[in-house]
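**Student:** starting from these lines, generate the structure:
(chains A and B)
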Number of protein chains: 2
Amino acid sequence: MALSLSRRLLAQTARRAVQARITPSIRAPAVAVRWQSTQPVTRDSMTGEFTSKPDIDASRLELVKNTSPKSPPSPQSLVFGHTFTDHMLAIEWTLADGWGVPKIMPYGPFSIQPSSTVLHYCQSVFEGLKAYRDENGKVTLFRPDMNMKRMVRSAQRVALPAFDGAELLKLIKKLVALDAHWIPQVPGYSLYIRPTLIGNMHALGVGPPNKALLFVICSPVGPYYKNGFKPVKLLATTNYVRAVPGGTGSYKLGANYAPCLIPQAEAMAQGYDQNLWLLGPEHHLTEVGTMNLFVALKRDDGSVELVTPPLEDVVLPGVTRDSVLALARDHAAGKLKLNLPSNLVVSERPITMKEVKAAADSGKLLEVFGSGTAAIVCPVKAIGYLGKDIAIPVGEQGMGPITKTVLDEIVKRQLGVVESDWSVTVMEK
Amino acid sequence: MALSLSRRLLAQTARRAVQARITPSIRAPAVAVRWQSTQPVTRDSMTGEFTSKPDIDASRLELVKNTSPKSPPSPQSLVFGHTFTDHMLAIEWTLADGWGVPKIMPYGPFSIQPSSTVLHYCQSVFEGLKAYRDENGKVTLFRPDMNMKRMVRSAQRVALPAFDGAELLKLIKKLVALDAHWIPQVPGYSLYIRPTLIGNMHALGVGPPNKALLFVICSPVGPYYKNGFKPVKLLATTNYVRAVPGGTGSYKLGANYAPCLIPQAEAMAQGYDQNLWLLGPEHHLTEVGTMNLFVALKRDDGSVELVTPPLEDVVLPGVTRDSVLALARDHAAGKLKLNLPSNLVVSERPITMKEVKAAADSGKLLEVFGSGTAAIVCPVKAIGYLGKDIAIPVGEQGMGPITKTVLDEIVKRQLGVVESDWSVTVMEK
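**Tutor:** Residues are numbered from 1 along each chain as shown, chains lettered A, B, ... in the order given. I've put the predicted structure just below:
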C-alpha cells in the first residue's frame, strides 16, 4: 500500500505531537495536552496571517430545528442504541480554517466521499455519557468533563484535531436540553450521548487528515439489567489480545473495537457472556468485554483489598472506574462512611490469573465486577480459564456487598440523591 | 460503553467463525475459509425458506454510466489517491438478504447514518492493487486473486461478510475496463484500485453488523519515485507497537492504520522517513512503514541469505512479499536464472535488531528493502536504533543489486515483458 504522505501535514502533526509531549515512555500514560491553542483568533501584525485557528466556540451555534419531530417510543420498547432523538450536533474542522460553526440540526444521514479517510484508515474516536432526568424534570450529566478530556486525548493519538472540551460540553448541554423530552422519566432510564470525531480527508494517502467532522447523537436507553441483576460469566481469552504497551488500549478509539467482535463471538459460542482480556505470558488481567475490572480479595491480615489493574497504556481510563476508585479511597481514608469493609485497601496494581485462581481456591476471592457507563457495575460469577471455570461469589442478590454499595453510591450521585460536583446540571425545569 | 449485543447475530457469527476454523492458535496464521456458501441460492423444499443467502454475482451487474465524465488530468499533476475516475462499484449486503445487486455508477459521495458502525467501531477492510496499460493499450492486473483472497480473510476477522472473490474480480475488471482511459499511458504510471468493505449497521451496540457495503474506487497514480530512486532512512520504533501475536497485524484492517500516524509523524520529526516496526523485548523486525521487509546478509560460508520475517499473525501477507519470495526461491532452486547471487538462501525466519546490527558492524549486512504495491521495492540506507544510525549499503544507483533485480523482475511481469500467470488481462485492445 502507498505511504503517500503530505510532508507539510506530517511535519505540522509532528510539531504538535512534540509540543503536546505525547511522545510517551511505554509504561506511562500520555499526558493530555491540547494541540490547538485556546487563545482567541489573532492575526500576525506583520503578515496579517492567522496565528491561531478558531477553536470550537459555543457562542457561534446555529440551530436548525427539526420541523418533523418524532414521538419518543415507549421506554419498554427501547433497544440500546437503535433509537435516536430529533436533533444532532455537527462541527466541521479543516486544517486551513480550524473549527467551524457548530450546528444543531435534525438527526439524519450525511454525505460522505468514498475516499474519506475514516472509511479506510479508521481515524475515529468517540465517547459515551448519559443524561438523567429526575422526577422534577431536572436534567443532569455525570462527570462530562472527564469525557471531554479523554476525547481530546484520544483524538491526539490518531492525529485528529484537539478542541476546547468546555465549549463542546456547552453545546452538548444545548442539544440535550432541546431533546430533554426524549429522556424517559422512568427510574434506570437515561439518554445515552455519543460524541464522535472522524477523519474526513478525501484522499487515500496514509497521513493526518486535513478535514474532520465532530458529531454528537443521542439515544434514549433503558437500564442495563431490565429483569434484575444478572451476573456474567467471563472467558479469560488466551488466544487474542486487546491491547499491549505501546498500543492504543488506553484511548477510546473506534479501532480498538472491531478486532474484539470475533473473540466476543467465540466466547459466546462457548457459553460465556464476555471476554476477560489478559496481557502477557503471566496472564495479567486488564479489562472485561468493554468495561474496566475490579477484584475484591481478602488478605492474610483480615483486611479487604479492592484491586483494579493500572492504566498504563493498556487499560481505558473509565469514568466509572475513576468514580469507584474515588469513592472507595474516600471511604478508606475516612472522608466518607460507606457500606464497605472498615479495613478496605484500594489498589491500582497488576494482578494475574494465577493470583485470582489461588485466591478462589483458598476462599479469599470475594467479588469481581466490571465497571462502565452502560451498566455502572456488572457482577461476575465465573471466569473460564484454561478449560476450567473459577467460581466467584455473587450472593443471593446476584452481586456481592462491595459491588452493590458501589452501584448504589454512584446511582445516588447520578440522580442527585447525594449532592456531588460529579452531577452537572443541564436544565432545572 | 454499552455492550449491547444482538444475541442472534453473535451466535450466527460464532457459528461461522467456528465453521471457518478461524479460532487460531496464536502463532499460526488463520486459515481463510469462506463463511458464506458458494452454492447457488436454493429454497428448502419443505419450508420454502432460502437455505443459502445470495453471494456476489457479477452477472447481476447494473451499470449506470456517468453522463458528465471528466477529463483525466495530466499524469505529471497526479498526487497519490487524490484523483478518482468517473465510476465506482458498490454492492450492499444485509444479514437478511445476503449480497445485493452489484452496481457500477458515477463516482461520488454516498449517504451514511451517523450511527453507522464503521464510524464508531471501525469495521473496515480494504485492498490495494494496480492496473497497468501497455503501449498497445492492453490492460492487466497483477495477481488480483491474492487480493481477493486476503480481503475475504480480513473481512472474517472483523465479523464482516465473506464473498466469492472470483465474482468480485469479474466486477473489478468491468469497472477498470470502463475507466481504462484513465490509466496514464506513461511508463511507471498505473491505476490504483481500492476495494473497501465497511460495516454499516445503524445502531450503537457493539456486535457483528447486520448491514455492510462493499465499494471499489480507482485512482490514477504516478510512479512512487518520480525523480529516481531515493533510499529511505527508518526509525526503529521502540515506544510504539504496530502488531502483536493475538492481534490483527496480519489482516488488512483499516483499524491497523490510524494508530500508526503519530509514530510516523514522530519518526519524520526526528529526520527519518518511516518507522521500522519491532516486536517484543528482543526487538524482532516485522514491517517497515506500511510495507513488508527484506534483509540480505552475507553468511560465514560465503552464501547470501535473503531474510523476511515470518507472517504468524503479526506481518501482513503482502502480494509483493509473496512475489519476491517466489522469484528468489525459483532462482535458488535453479528453476529461474535471475541476476541474483548463485548461492542464494531464502528464509522466512525471525530476525532481531541485534543480528542486523552485528551484521552491519562486521560488513555482512548487504541490503535492506521494503516491499509493497505502491513502491514495489523501497531501498533502505539507514536504520536509527537506540539513538544511533546503522548504515546500510545502497550503492550508486540508490539500491543494491538484489533490490534492483527484484524490482526489475516484478516490473517485467507486471508489464508483460516476461510472460507470467501473475499478469491477468482485463482487456486486450
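**Student:** sketch out the low-pLDDT regions of the stretch 1-150 of chain A for me.
**Tutor:** Low-confidence regions of the stretch 1-150 of chain A, defined by pLDDT under 70, span residues A:1-51.
**Student:** switch to 80 and redo it
**Tutor:** In the predicted model, the stretch 1-150 of chain A carries pLDDT under 80 at residues A:1-52, A:135.
**Student:** residues contacting the residue of it found nearest chain B?
**Tutor:** Here the residue of the stretch 1-150 of chain A nearest chain B is A:Gly81; by Cβ to the nearest Cβ that distance is 2.8 Å. To be clear about C-beta, it is placed using only N, CA and C from the backbone, and glycine gets the same treatment. Counting by Cβ atoms under 8 Å, 6 or more residues apart in numbering or on different chains, A:Gly81 makes contact with A:Tyr192, A:Arg194, A:Ser219, A:Val221, B:Ala2, B:Ser4, B:Ser115, B:Ala203, B:Leu204, B:Gly205.
**Student:** what kind of secondary structure is the closest residue to it other than its chain neighbours in?
**Tutor:** With sequence-adjacent residues excluded and distances taken as Cβ to Cβ, 6 or more residues apart in numbering or on different chains, A:Gly81 is closest to B:Leu204, at 2.8 Å. Here B:Leu204 is coil, with the state taken from DSSP: H, G, I helix; E, B strand; the rest coil.
**Student:** where's A:Leu338 relative to B:Leu327, distance?
**Tutor:** 69 Å (Cβ to Cβ, to the nearest Å).
**Student:** who has more neighbours out of these two?
**Tutor:** B:Leu327 (20 against 16; other Cβ atoms under 10 Å in any protein chain shown).
**Student:** ok, now which ones touch the more buried one?
**Tutor:** B:Leu336, B:Leu338, B:Val406, B:Glu409, B:Ile410.
**Student:** make sure the second one is indeed in a helix.
**Tutor:** No. When classified by three-state DSSP, B:Leu338 is found to be coil rather than part of a helix.
**Student:** pLDDT score for the residue of the stretch 201-350 of chain A found nearest chain B?
**Tutor:** Proximity of the stretch 201-350 of chain A to chain B (Cβ to the nearest Cβ) peaks at A:Leu204, 2.8 Å away. Each residue has a pLDDT score; the one for A:Leu204 is 94.
**Student:** thought it was touching B:Tyr192?
**Tutor:** Yes. Applying Cβ atoms under 8 Å, one finds A:Leu204 in contact with B:Tyr192, separated by 7.3 Å.
**Student:** helix, strand, or coil at A:Pro69?
**Tutor:** Three-state assignment for A:Pro69 (three-state DSSP): coil.
**Student:** isn't it up against A:Tyr107?
**Tutor:** No. A:Pro69 is not in contact with A:Tyr107 according to Cβ under 8 Å; the separation is 9.9 Å.
**Student:** more neighbours: those two, which one.
**Tutor:** Counted by other Cβ under 10 Å, A:Pro69 and A:Tyr107 do not tie: A:Tyr107 has more neighbours, with 21 against 15.
**Student:** and A:Lys130, what is it in contact with?
**Tutor:** Counting by Cβ under 8 Å, 6+ apart, A:Lys130 touches A:Leu141, A:Phe142, A:Ser190, A:Leu191, A:Tyr192, A:Ile193, A:Val221, A:Thr373, A:Gln414.
**Student:** give me the number of residues near the residue nearest to A:Leu178 when sequence neighbours are not counted?
**Tutor:** Closest residue in space to A:Leu178, ignoring its immediate chain neighbours: A:His87 at 5.6 Å, by Cβ to Cβ, 6+ apart. Neighbour count of A:His87, defined by other Cβ under 10 Å: 25.
**Student:** cool, and the one 5 residues further on?
**Tutor:** The criterion is other Cβ under 10 Å. On that basis, A:Glu92 has 17 neighbouring residues.
**Student:** may I have the one helix or strand it maps to as CSV, with CA atoms only?
**Tutor:** Assigned by DSSP states H and E, A:Glu92 belongs to strand A:87-94. The C-alpha trace of strand A:87-94 is given here as CSV (Å, rounded to 0.1, in the frame of the first residue of the first chain):
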residue,chain,number,x,y,z
HIS,A,87,-31.5,16.5,16.7
MET,A,88,-27.8,16.1,16.4
LEU,A,89,-24.8,18.4,16.7
ALA,A,90,-22.2,18.7,14.0
ILE,A,91,-19.0,20.7,13.8
GLU,A,92,-16.6,20.6,10.8
TRP,A,93,-12.8,21.1,11.1
THR,A,94,-10.3,21.9,8.4
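**Student:** I figured A:Thr237 hits A:Leu279, correct?
**Tutor:** No. Using Cβ under 8 Å, A:Thr237 makes no contact with A:Leu279, being 10.6 Å away.
**Student:** mutual contacts of these two, please.
**Tutor:** With Cβ under 8 Å, 6+ apart as the test, A:Thr237 and A:Leu279 reach no residue in common.
**Student:** so how far is A:Asp421 from A:Leu340?
**Tutor:** Using Cβ to Cβ, A:Leu340 is found at 21 Å from A:Asp421.
**Student:** higher neighbour count, those two?
**Tutor:** Shown here are A:Leu340 and A:Asp421; by other Cβ under 10 Å, A:Leu340 has more neighbours (21 against 8).
**Student:** what sits against that one?
**Tutor:** Per Cβ under 8 Å, 6+ apart, neighbours of A:Leu340: A:Ala328, A:His331, A:Pro401, A:Ile402, A:Thr405.
**Student:** quick one: the third one and A:Asn339 touch, right?
**Tutor:** What that stands for is A:Pro401. Yes. The pair A:Pro401 / A:Asn339 is scored as a contact, 7.0 Å apart, by Cβ under 8 Å.
**Student:** neighbour count winner among the two?
**Tutor:** Using other Cβ under 10 Å as the criterion, A:Pro401 and A:Asn339 rank with A:Pro401 on top: 16 against 12.
**Student:** report pLDDT for the more buried one.
**Tutor:** pLDDT, A:Pro401: 97.
**Student:** dihedrals phi and psi, it?
**Tutor:** Here is the backbone geometry of A:Pro401 (degrees, to the nearest 10): phi -70, psi -30.
**Student:** ChimeraX command to pick out the buried ones of the contacts of B:Leu327?
**Tutor:** With 16 or more other Cβ atoms under 10 Å in any protein chain shown as the burial test, the buried ones among these are selected in ChimeraX as follows:
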select /B:338,406,409,410
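**Student:** strands paired with the helix or strand containing A:Ile383, and their directions?
**Tutor:** Per DSSP H and E, A:Ile383 falls inside strand A:376-385. When pairs are called by DSSP bridges, strand A:376-385 turns out to pair with strand A:232-237 (parallel), strand A:365-372 (antiparallel), strand A:388-391 (antiparallel).
**Student:** show me the contacts for the closest residue to A:Ser124 other than its chain neighbours.
**Tutor:** Of all residues not flanking A:Ser124 in the chain, A:Gly254 sits nearest, at 3.4 Å (Cβ to Cβ, 6+ apart). Neighbouring residues of A:Gly254 by Cβ under 8 Å, 6+ apart: A:Cys122, A:Ser124, A:Val125, A:Phe126, B:Leu119, B:His120, B:Tyr121, B:Cys122, B:Ala255.
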